[in-house]
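Visitor: Coordinates only, no sequence provided:
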């Protein structure tokens, strides 16, 4: 077997984290003319990539951010990003008490077992050591072809960062996790199961990822506020109807 070892530019083993943010938070991370994202990349040495506008994680209205580099670089840039979003949340709410916010990491199904551990021992130890809440979503059978799950971290910035450090250290030992680094951001091939298992395409715009670095970036909107869990979102439901009853639904003359 040929094992591909991914290395960062300085020769150390490369790793990554993917997590979800609202469109507004993505704009805040990018900054005016890409100034914030360029600064964060320069200060951390990590690379930051975002899914395009309206390319969301299935079942959510959130975009995906991927940060990559060495473990130290990834942890540094995660702290820069989360601290900025937390600071804006505190300004918005004018609260002196640091809130316990949520960060949702995107982790391949095949790697979730290493976080959970035998009998849940690993995740329990991570919760105890970090004091953060850690919850792994069940595999979503509503979306065919979705091979990722969400790991939600709840706590203060310090608690979240400690949990991220523990999780990243464990994931970096998993060769399957490293191989998923170059998986596309777009979930255009994922199908929503619909009603009674009737498959329907989960439609997304054009594929591709927006890559930002000190030399090249595309403006993707001005800065925004921290993710609002009450963002408007639309829903639809598909119901299977037999040919014999379709006339009752349509009515006379389609009325």
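Guide: Sure thing, it's come through. Every value quoted in this text rests on a predicted model; they were computed, and no experiment measured them.

Visitor: before we move on, which element is residue 102 in?
Guide: Remark: residue 102 resides in strand 101-108, with elements defined by DSSP states H and E.

Visitor: what residues does the next helix or strand along the chain from that strand touch?
Guide: Using DSSP H and E, the helix or strand that follows strand 101-108 in sequence is helix 109-116. By C-beta atoms under 8 Å, 6 or more residues apart in numbering, the list of residues contacting helix 109-116 from outside reads 107, 122-123, 126, 136, 139, 147-149, 151, 167, 170-171, 173-174, 176-177, 180. Backbone N, C-alpha and C define where each C-beta goes, glycine included.

Visitor: returning to what we had before: any idea of the mean pLDDT in the strand holding residue 102?
Guide: For strand 101-108, mean pLDDT is 96.

Visitor: I'd like to know which elements that strand is packed against.
Guide: Applying 3 or more C-beta pairs under 8 Å, 6 or more residues apart in numbering; DSSP states H and E, we find strand 101-108 packed against strand 15-21, helix 71-93, strand 148-155, helix 157-171, helix 175-179.

Visitor: what about the longest one, average pLDDT?
Guide: Right, helix 71-93. Helix 71-93 comes out at a mean pLDDT of 90.

Visitor: again, but for stretch 35-54
Guide: Stretch 35-54 comes out at a mean pLDDT of 95.

Visitor: buried residues in that stretch?
Guide: 36-38, 40-41, 44-52 (16 or more other C-beta atoms under 10 Å).

Visitor: go on, stretch 135-143?
Guide: For stretch 135-143, the neighbour count (16+ other C-beta under 10 Å) marks 136, 140, 143 as buried.

Visitor: Going through those residues, which one is the model least confident about?
Guide: Within those, the minimum per-residue pLDDT falls on residue 140 (70).

Visitor: contacting residues for that residue?
Guide: With C-beta under 8 Å, 6+ apart, residue 140 has these contacts: 58, 59, 146, 149.

Visitor: Thought residue 149 was touching residue 59, still the case?
Guide: No - with contact defined as C-beta atoms under 8 Å, residue 59 does not count as touching residue 149 (11.5 Å).

Visitor: The closest residue to residue 23 other than its chain neighbours: neighbour count?
Guide: Counting by C-beta to C-beta, 6 or more residues apart in numbering, residue 23 lies nearest to residue 63, which is 6.2 Å off, once chain neighbours are set aside. Here the number of neighbours of residue 63 (other C-beta atoms under 10 Å) works out to 25.

Visitor: Identify all contacting residues around the strand holding residue 102.
Guide: Counting by C-beta under 8 Å, 6+ apart, 17-20, 57, 62, 64, 82, 85-86, 89, 115, 136, 147-155, 157, 160, 164, 167, 171, 176-177, 180, 183, 226 sit against strand 101-108.

Visitor: and these, which are buried?
Guide: For these, a burial check counting by 16+ other C-beta under 10 Å picks out 17-20, 57, 62, 64, 82, 85-86, 89, 115, 136, 148-151, 153-155, 157, 160, 164, 167, 171, 177, 180, 226.

Visitor: Between the two ends of stretch 113-120, what distance do you get?
Guide: For stretch 113-120, the separation between the terminal residues is 9 Å (C-alpha to C-alpha, to the nearest Å).

Visitor: Then stretch 13-24?
Guide: Start-to-end, stretch 13-24 (C-alpha to C-alpha) is 32 Å.

Visitor: Over to stretch 44-53?
Guide: Using C-alpha to C-alpha, the two ends of stretch 44-53 sit 25 Å apart.

Visitor: same thing with stretch 17-33?
Guide: So stretch 17-33: terminal residues 24 Å apart, C-alpha to C-alpha.

Visitor: Report the buried residues of it.
Guide: Buried-residue list, stretch 17-33, by 16+ other C-beta under 10 Å: 17-31.
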